[in-house]
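> show me how the following folds:
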Amino acid sequence: MEIRPLTDSYAVSPQITPEDVAAIAEAGFTTVICNRPDGEIPTEVQASAIRAAARAAGLRFVENPVVGGAITLDNVSEQGRAMRDSAGPVLAYCASGNRSSIVWALSQAGARPTDDLIAIPARYGYALEPFRHTIEQLARG
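Next up, the predicted model:
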């Protein structure tokens, strides 16, 4: 598991396993967001398995499956809501962390400069430049 902090309160990661959850809790995260649809992955790392491990570790678990190339405004709204409702730092995961970075950036449109929303994930190789126009549109309301 590789945790990639985008802010002090939000980090992304490639796919996690139930065995990773204890370390996530020890790292101070209070909420885990699953951005990976179950149809992409084997049963042992699907949302239900991670949810059970998260709850056992005292973490809040939010399922917000994001389909690559088909991100919806509902995905963006749910990500923002999950972050706002968290009692502490959030770890969001998907296959690589890219989709979790995209929905973060879109949910933060208008609250942070667009250049930052693109540059911060770029430190980890996530290319959000193609989302610049959408971020700017969302920022304008």
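
> any stretches of the chain with poor pLDDT?
Along the chain, no part satisfies pLDDT under 70.

> in stretch 129-141, what counts as buried?
By neighbour count on 16 or more other C-beta atoms under 10 Å, the buried set for stretch 129-141 is F131, T134, I135, L138, A139. All C-beta spots, glycine's among them, are computed from the backbone N, C-alpha and C.

> next secondary structure element downstream of the longest helix seen in the chain?
Among the segments of the chain that qualify as a helix by DSSP state H, the longest is helix 73-85. Counting by DSSP states H and E, the next helix or strand C-terminal to helix 73-85 is strand 90-93.

> okay, angle between the very next helix or strand once past that next one and helix 73-85 too, please.
As assigned by DSSP H and E, the chain's next helix or strand after strand 90-93 is helix 98-107. Relative orientation of helix 98-107 versus helix 73-85 (axes from the mean of the first three to the mean of the last three C-alpha atoms, to 10 degrees): 80 degrees.
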